[in-house]
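A.B. asks: Turn this into a structure:
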Amino acid sequence: MYDAVVDINPGSPTCGQFVGVELSDENHRQLWVPPGYAHGFCVISETADFQYKCTDYYHPEDEGGLLWNDPEVGIPWPIDSPQLSAKDQSNPALRLLLGEGGR
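C.D. replies: Numbering: from 1, shown residues only. A predicted model of the protein is given here:
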(Lines give C-alpha, C1' and ligand atoms only; values in the text may rest on other atoms or scores of the structure.)
Protein backbone atom coordinates (compact mmCIF):
# COMPACT_ATOMS: atom_id res chain seq x y z
CA MET A 1 0.00 0.00 0.00
CA TYR A 2 1.02 3.60 -0.45
CA ASP A 3 0.59 5.54 2.80
CA ALA A 4 0.64 9.34 3.08
CA VAL A 5 0.66 11.72 6.05
CA VAL A 6 0.09 15.48 5.75
CA ASP A 7 0.91 18.13 8.35
CA ILE A 8 -2.32 20.12 8.79
CA ASN A 9 -1.25 22.08 11.88
CA PRO A 10 -1.65 25.77 10.88
CA GLY A 11 1.18 27.00 13.13
CA SER A 12 3.67 24.39 11.97
CA PRO A 13 6.55 25.37 9.65
CA THR A 14 5.86 22.16 7.68
CA CYS A 15 2.10 22.71 7.33
CA GLY A 16 0.93 21.34 3.98
CA GLN A 17 3.97 19.12 3.52
CA PHE A 18 3.60 15.36 3.30
CA VAL A 19 5.50 12.12 3.72
CA GLY A 20 4.57 9.19 1.51
CA VAL A 21 5.93 5.65 1.79
CA GLU A 22 5.19 2.22 0.44
CA LEU A 23 4.33 -0.31 3.13
CA SER A 24 4.43 -4.02 2.38
CA ASP A 25 4.99 -7.40 3.92
CA GLU A 26 8.33 -7.45 2.08
CA ASN A 27 9.78 -4.18 3.43
CA HIS A 28 8.27 -4.50 6.95
CA ARG A 29 7.95 -0.72 7.29
CA GLN A 30 5.55 1.00 9.65
CA LEU A 31 4.44 4.63 9.65
CA TRP A 32 3.68 6.67 12.74
CA VAL A 33 1.01 9.34 12.26
CA PRO A 34 1.18 11.99 14.98
CA PRO A 35 -2.07 13.40 16.36
CA GLY A 36 -3.27 16.35 14.29
CA TYR A 37 -1.99 15.05 10.95
CA ALA A 38 -4.08 13.91 7.99
CA HIS A 39 -3.61 10.30 6.94
CA GLY A 40 -4.58 8.48 3.78
CA PHE A 41 -3.63 5.29 2.03
CA CYS A 42 -4.04 3.55 -1.28
CA VAL A 43 -4.01 -0.22 -1.70
CA ILE A 44 -1.81 -1.07 -4.70
CA SER A 45 -2.05 -4.86 -4.48
CA GLU A 46 -4.92 -7.31 -4.90
CA THR A 47 -5.52 -7.42 -1.13
CA ALA A 48 -4.14 -5.75 1.97
CA ASP A 49 -4.37 -6.25 5.71
CA PHE A 50 -4.10 -2.94 7.54
CA GLN A 51 -3.73 -2.53 11.27
CA TYR A 52 -3.82 0.68 13.30
CA LYS A 53 -2.39 1.32 16.73
CA CYS A 54 -4.00 4.40 18.26
CA THR A 55 -3.03 6.76 21.06
CA ASP A 56 -6.63 7.26 22.21
CA TYR A 57 -10.13 5.91 21.80
CA TYR A 58 -12.01 6.71 18.59
CA HIS A 59 -14.05 9.92 18.78
CA PRO A 60 -16.23 10.34 15.66
CA GLU A 61 -16.71 14.06 16.39
CA ASP A 62 -12.96 14.55 15.88
CA GLU A 63 -12.98 12.95 12.44
CA GLY A 64 -12.22 15.11 9.43
CA GLY A 65 -10.56 14.85 6.08
CA LEU A 66 -8.46 16.41 3.37
CA LEU A 67 -9.05 16.30 -0.38
CA TRP A 68 -7.05 13.26 -1.53
CA ASN A 69 -5.68 14.92 -4.69
CA ASP A 70 -5.26 18.52 -3.50
CA PRO A 71 -2.75 20.02 -5.98
CA GLU A 72 -1.43 22.37 -3.28
CA VAL A 73 -0.25 19.33 -1.28
CA GLY A 74 0.85 17.33 -4.34
CA ILE A 75 0.86 13.75 -3.10
CA PRO A 76 2.03 11.48 -5.96
CA TRP A 77 -0.65 8.81 -5.55
CA PRO A 78 0.12 5.65 -7.55
CA ILE A 79 -3.37 5.57 -9.17
CA ASP A 80 -5.45 8.24 -10.89
CA SER A 81 -9.02 7.13 -10.15
CA PRO A 82 -9.33 5.58 -6.68
CA GLN A 83 -12.53 4.20 -5.20
CA LEU A 84 -13.49 6.75 -2.54
CA SER A 85 -16.16 6.68 0.13
CA ALA A 86 -18.89 9.32 -0.12
CA LYS A 87 -17.33 11.06 2.88
CA ASP A 88 -13.87 11.16 1.28
CA GLN A 89 -15.28 12.50 -1.99
CA SER A 90 -16.46 15.64 -0.20
CA ASN A 91 -13.32 16.43 1.82
CA PRO A 92 -12.02 20.00 1.47
CA ALA A 93 -8.74 21.20 0.00
CA LEU A 94 -6.04 22.19 2.49
CA ARG A 95 -6.71 25.92 1.99
CA LEU A 96 -10.37 25.44 2.96
CA LEU A 97 -9.54 23.06 5.79
CA LEU A 98 -7.26 25.67 7.36
CA GLY A 99 -9.57 28.58 6.56
CA GLU A 100 -9.49 30.66 3.38
CA GLY A 101 -6.22 32.30 4.38
CA GLY A 102 -4.34 29.04 3.90
CA ARG A 103 -1.03 28.57 5.66
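
A.B. asks: Check the protein for me, the residue farthest from its geometric middle.
C.D. replies: residue 26 (22.3 Å; CA atoms, centre = their mean).

A.B. asks: Next, give phi and psi for that one.
C.D. replies: In terms of degrees, to the nearest 10, the main-chain angles of residue 26 are phi -80, psi -40.

A.B. asks: before we move on, what about residue 62?
C.D. replies: The phi/psi pair for residue 62 (degrees, to the nearest 10) is phi -90, psi -10.

A.B. asks: quick one: pLDDT of it?
C.D. replies: Here the pLDDT value assigned to residue 62 is 84.

A.B. asks: For it, give its distance to residue 24.
C.D. replies: Distance, residue 62 to residue 24, by CB to CB, to the nearest Å: 30 Å. In this view, the C-beta of every residue, glycine as well, is placed from N, C-alpha and C.

A.B. asks: related to what we said a few turns ago, can you check the pLDDT for the residue farthest from the centre of the chain?
C.D. replies: Looking at residue 26, its pLDDT reads 93.

A.B. asks: same question, residue 73
C.D. replies: pLDDT, the model's per-residue confidence, is 97 for residue 73.

A.B. asks: Cross-check the contact I'm expecting between it and residue 92.
C.D. replies: No. Contact criterion CB atoms under 8 Å: residue 73 and residue 92 do not qualify, at 11.8 Å.

A.B. asks: Alright, that wraps it up for me.
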